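Colleague: got a sequence here, can you build the structure:
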Amino acid sequence: MMKHSKKIVLSTIFILGCILSSYAQYYGGGYGGGYGGYGRGYNSAFNNPGFDNGKPKPPPDPDEVAKEETRIMVKKFKLDEEQEILVSSLNEDYAYQRKDLYELIKKEFGSTQPTPAQIANAKEKMEALEAKKDKELEKIFTPEQFKAYQEVKAKAQKGKKK
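Modeller: Below is the predicted model:
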């Protein structure tokens, strides 16, 4: 009789373990955080910091972006007062240009999934805007500051690709 009750207890524990593990996979973060796994389910939009109440967050405020970029550049590249004024103005201008470009690209994509060609085109436009900004920064920075800026930017881009 003892052996029979031991089998029942072990079977019950095994069944509970299976139920709990499947619950965790589909509702609690397993396989990417959502029902159906790999982050595609109902749960992923609610737990993703890029979403606000299930909807994508709007791009950050250009003024705030420009202020933060300027703050970092002043500190990291030891800009003087004149450089700070010029860089602040440039960062603000390009922050608004990025926002406008973002809105234009968003309209081009519409509500459908963008094609690889559309994504490549959007990246190309963003990269062209950044290259234009870099040319302007090169005129403001000293050669040493611009070299340091390029190194920091290259390191940041490597980090994104990982």
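
Colleague: show me which positions of the helix or strand harbouring Asn91 end up buried.
Modeller: When elements are assigned from DSSP states H and E, Asn91 belongs to helix 81-109. Buried residues in helix 81-109, counted by 16 or more other Cβ atoms under 10 Å: 83, 86-88, 90-92, 94-95, 98-99, 101-102, 105. Where C-beta positions appear, they are placed from N, C-alpha and C, glycine not excepted.

Colleague: do stretch 142-156 as well
Modeller: Gln145, Phe146, Tyr149.

Colleague: now the residues you listed in a markdown table, with secondary structure?
Modeller: Converted to a markdown table, these look like this (DSSP: H, G, I helix; E, B strand; the rest coil):
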| residue | secondary structure |
| --- | --- |
| Gln145 | helix |
| Phe146 | helix |
| Tyr149 | helix |
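
Colleague: distance of Gln97 relative to Lys76?
Modeller: 22 Å (Cβ to Cβ, to the nearest Å).

Colleague: repeat for Glu144
Modeller: Glu144 is 12 Å from Lys76, by Cβ to Cβ.

Colleague: check Ala117 too.
Modeller: Per Cβ to Cβ, Ala117 is found 36 Å from Lys76.

Colleague: list the contacts of Tyr102.
Modeller: Pro59 (Cβ atoms under 8 Å, 6 or more residues apart in numbering).

Colleague: one more: Pro62?
Modeller: Per Cβ under 8 Å, 6+ apart, neighbours of Pro62: Glu92, Ala95, Tyr96, Arg98, Lys99.

Colleague: leaving out sequence neighbours, find the closest residue to the first one.
Modeller: What sits nearest to Glu92 in space, not counting adjacent residues and going by Cβ to Cβ, 6 or more residues apart in numbering, is Ala66, at 4.0 Å.

Colleague: so which residues of the protein form helices?
Modeller: Assigned by DSSP state H, the helices in the chain fall at 2-27, 42-47, 62-77, 81-109, 116-140, 143-161.

Colleague: what pLDDT, on average, does the second one get?
Modeller: It refers to helix 42-47. Mean pLDDT, helix 42-47: 43.

Colleague: also stretch 152-162?
Modeller: pLDDT averaged over stretch 152-162 gives 82.
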